[in-house]
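# Just need the structure, nothing else, for what follows:
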Amino acid sequence: MPRFVLDQSFLDPLTSKDGTPYGPKRYKEIVRECWYISDQLHTSYSDVLDLSFQERVYLIGYIDEKKKATQKALAEIDNKSKK
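Take a look at the predicted model:
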């Protein structure tokens, strides 16, 4: 069983700041995080489900850093080619 499909934690709020139920909103966020990691690393979604929360946070950060570095390098190449 994936780690995040456990019963509601007593640490989680019942509602979000706008008054909507927190559980469904958080579940959707977790699914999006897992999909994003799976898509970017070309790994199976089920493998990503075995990652801990902190591993997902780190991986998303690393993926985002790499994307920014790639975009910056492409922009520099584009600027040099325009000169």
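# Output the below-cut-off pLDDT ranges for the protein.
1-12 (pLDDT under 70).
# Show me what counts as buried in the helix or strand harbouring residue 34.
Using DSSP states H and E, residue 34 maps to helix 22-41. Residues of helix 22-41 classed as buried: 26, 30, 33, 34, 36, 37, 38 (neighbour count, 16 or more other Cβ atoms under 10 Å). All C-beta atoms are positioned from the backbone trio N, CA, C, and that covers glycine.
# what does it rub up against?
By Cβ atoms under 8 Å, 6 or more residues apart in numbering, the residues outside helix 22-41 that reach it are 4, 8, 12-16, 43-45, 47-49, 51, 56, 59-60, 63.
# For the helix or strand that that helix is followed by, enumerate the helices and strands it packs against.
Per DSSP H and E, helix 22-41 leads on to helix 45-49 as the next helix or strand towards the C-terminus. Packing contacts for helix 45-49, counted by 3 or more Cβ pairs under 8 Å, 6 or more residues apart in numbering; DSSP states H and E, involve helix 22-41.
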